[in-house]
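A.B. asks: Need a 3D model of the sequence below.
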Amino acid sequence: VDGVEYLVELPLRADIALIKAKKGDRAGNLVYEKAARNFNPLMALAADLVIAEVDEVVEVGEIDPETVITTGIVVDKMPDTTGFGSYCESGQVIPVTLDGVVGSYAHSMYLNDLPPIAGGRELWGFPKKWGEPELRVHKDTLVGTLDYGDIRIATGTMGFKHTAMDCESVKKSLGAPSFLLKIIPHVDGTARICELVQYSLTQITVKGAWSGPGALELHHHALAPVAQLPILEVLSALHIVTDVTLPLGTVVYDYLERSLA
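C.D. replies: Residues are numbered from 1 along each chain as shown. The predicted structure is shown next:
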């Protein structure tokens with residue numbers, strides 16, 4: 001510059017940015033307070049994955065657009081699970097039919113937060129167990145992993161946003177019935193509750209859905225037997241971004257009551 005040589009130091013880009021905001025809506029638009037505006041907005045633009053913690057969550061449209069500092073397009077994850085906080089979950093689901101009703105059966109589930117594990121098991125009967133699932137984007141690939149302790153037991157990959165899907169058809173599929181086997185033992189070890197529970201997701205808002213090439217690898221583990229359901233062929237891979245409400249379920253079959261009858 002003007003005959004003088006300079007050494008250019010390229011900026012560093014982070015893999016993950018953890019930022020703090022005063023208020024955020026469900027689309028990820030953020031408003032900061034006072035000194036929080038100094039560095040948080042900059043880091044939101046300098047990372048591949050942005051996770052925002054906010055003091056107040058409001059509905060889309062409740063924030064004056066003129067006050068938005070970080071727009072939702074750069075926010076990838078915002079902890080906002082009512083009553084349970086922020087967590088990741090993975091599971092194995094099997095297509096089933098009950099009395100002509102087509103649905104799915106939750107065979108196993110692994111997640112990294114105690115409240116939804118306890119609540120899911122005791123209220124609905126979800127087969128939840130502690131694990132460390134993770135979903136992230138690496139370049140052009142959506143990567144999902146599941147660790148039990150420090151041992152990797154599952155790895156799934158999918159082409160990132162290859163083919164857009166019809167959101168209405170995806171919404172219909174998400175509203176299909178799901179079934180759970182709720183078993184709670186008595187103090188003497190015998191079954192106190194043994195029920196087949198049915199539920200369906202409600203208030204479904206599909207924000208985006210894509211299909212693409214996928215691959216899945218499972219590893220055997222004595223205490224997390226996900227590999228006992230072998231992979232014969234990957235028929236489809238789906239990536240769905242949605243808001244849902246999980247209502248309480250209903251008992252469709254009581255095994256203990258039928259055994260006494």
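
A.B. asks: In this structure, where is pLDDT below threshold?
C.D. replies: 73-83, 259-261 (pLDDT under 70).

A.B. asks: Which residue ranges of it form helices?
C.D. replies: Ranges of helices within the chain are 40-44, 114-119, 167-174, 255-260, based on DSSP state H.

A.B. asks: Please identify the deepest-packed of the ones you listed.
C.D. replies: helix 40-44 (a mean of 17; mean count of other Cβ atoms under 10 Å). For every residue, glycine as well, the C-beta is placed using N, CA and C.

A.B. asks: how far does that one sit from the chain's center?
C.D. replies: 24 Å (Cα atoms, centre = their mean, to the nearest Å).

A.B. asks: Indicate which one of the helices of the chain is closest to residue 237.
C.D. replies: helix 167-174 (13.6 Å; Cβ to Cβ).

A.B. asks: Does anything pack onto that closest one? Which helices or strands?
C.D. replies: strand 202-211, strand 238-245 (3 or more Cβ pairs under 8 Å, 6 or more residues apart in numbering; DSSP states H and E).

A.B. asks: partners of the longest one, with directions?
C.D. replies: Strands flanking strand 202-211 in the sheet, each with its direction: strand 163-164 (antiparallel), strand 238-245 (antiparallel) (DSSP bridges).

A.B. asks: Go ahead and name everything in contact with the longest one.
C.D. replies: Taking contacts as Cβ atoms under 8 Å, 6 or more residues apart in numbering, the residues outside strand 238-245 that touch it are 26, 142, 158, 160-161, 165, 170-171, 174, 201-212.

A.B. asks: let's go with 7 Å and repeat that
C.D. replies: 142, 158, 161, 170, 174, 201-211 (Cβ atoms under 7 Å, 6 or more residues apart in numbering).

A.B. asks: Stretch 203-223 now?
C.D. replies: Under Cβ under 7 Å, 6+ apart, the answer for stretch 203-223 is 148, 151-159, 161-165, 167, 170-171, 174-175, 226-227, 231, 234, 236-245.

A.B. asks: Could you pull out the buried residues of that stretch?
C.D. replies: 204, 206, 209, 210, 211, 212, 214, 218, 221 (16 or more other Cβ atoms under 10 Å).

A.B. asks: Equivalent analysis for stretch 21-36, please.
C.D. replies: 21-32, 36.

A.B. asks: now the helices of the chain as CSV including distance to residue 95?
C.D. replies: CSV is the format used below for the helices of the chain (distance: least, Cβ to Cβ, whole Å):
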stretch, distance to residue 95
helix 40-44, 40
helix 114-119, 24
helix 167-174, 11
helix 255-260, 22
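
A.B. asks: right, so of those helices, which gets closest to residue 101?
C.D. replies: Using Cβ to Cβ, the helices of the chain put helix 167-174 closest to residue 101, at 14.2 Å.

A.B. asks: follow-up on the earlier one: closest to residue 191 among the buried residues of stretch 203-223?
C.D. replies: Using Cβ to Cβ, those come closest to residue 191 at residue 221, 26.5 Å.

A.B. asks: What are the phi and psi values at the nearest residue to residue 101 once chain neighbours are set aside?
C.D. replies: Counting by Cβ to Cβ, 6 or more residues apart in numbering, residue 101 lies nearest to residue 177, which is 5.8 Å off, once chain neighbours are set aside. Note on residue 177: its backbone torsions stand at phi -60, psi 150 [degrees, to the nearest 10].
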